[in-house]
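# okay, here's the prediction I keep looking at, along with the sequence it came from:
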Amino acid sequence: MGVPLPRPAAQAARLEAPIEEWPYLGQEVLVPARSRKVCMTCHWFRHHAGVNCIPLLTCQLHQGLLGQGEHLTHRCLGWTDDMVRQRGWAPEVA
């Protein structure tokens with residue numbers, strides 16, 4: 001088993017915070033996109049059931065929330081293709 005690497009205090013606090021308390025990502029992170037490279041197609045995109053089952057759209061890379069609809073029209077510079085598209089549905093293990 002590996003030893004966990006130390007994390008900056010701000011990042012460690014954010015990782016322990018509930019998803020509902022993550023900050024919304026703004027224009028400094030998200031840029032408009034007019035291709036298939038948008039948050040919804042990114043490997044880091046997730047959605048969670050929030051309070052009253054209202055969906056919360058999240059970016060696991062930036063540990064932040066996405067505003068409703070932004071996942072369809074924006075992306076960040078850390079966008080990566082989904083692992084299924086990169087390697088296939090069930091890649092062979094060597």
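That came through fine.
# tell me the secondary structure at Glu20.
helix (DSSP: H, G, I helix; E, B strand; the rest coil).
# show me what contacts the spatially most central residue of the chain?
Residue closest to the mean C-alpha point of the chain, counted by C-alpha atoms, centre = their mean, is Cys59 at 1.8 Å. Shown in contact with Cys59 (C-beta atoms under 8 Å, 6 or more residues apart in numbering): Leu25, Cys39, Cys42, Trp44, Phe45, Arg46, Leu65, Leu66, Cys76. Where you see a C-beta, it was placed from the backbone N, CA and C, and this is true even at glycine.
# what subset of those is buried?
Listed as buried from those are Leu25, Cys39, Cys42, Trp44, Phe45, Leu65, Leu66, Cys76; burial here means 16 or more other C-beta atoms under 10 Å.
# related to what we said a few turns ago, any chance of the contacts of Cys59 in a markdown table, with pLDDT and distance to Ile54 too?
As requested, the contacts of Cys59 are arranged in a markdown table below (pLDDT from 0 to 100; distance: C-beta to C-beta, whole Å):
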| residue | pLDDT | distance to Ile54 |
| --- | --- | --- |
| Leu25 | 97 | 18 |
| Cys39 | 96 | 18 |
| Cys42 | 94 | 21 |
| Trp44 | 95 | 21 |
| Phe45 | 96 | 17 |
| Arg46 | 96 | 15 |
| Leu65 | 97 | 12 |
| Leu66 | 97 | 13 |
| Cys76 | 96 | 23 |
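# tell me the one among these nearest to Asp82.
Of all the contacts of Cys59, Cys42 has the smallest distance to Asp82: 7.3 Å, by C-beta to C-beta.
# tell me who's in contact with the closest one.
Taking C-beta under 8 Å, 6+ apart as the test, what Cys42 contacts is Cys59, Leu61, Arg75, Trp79, Thr80, Asp81, Asp82.
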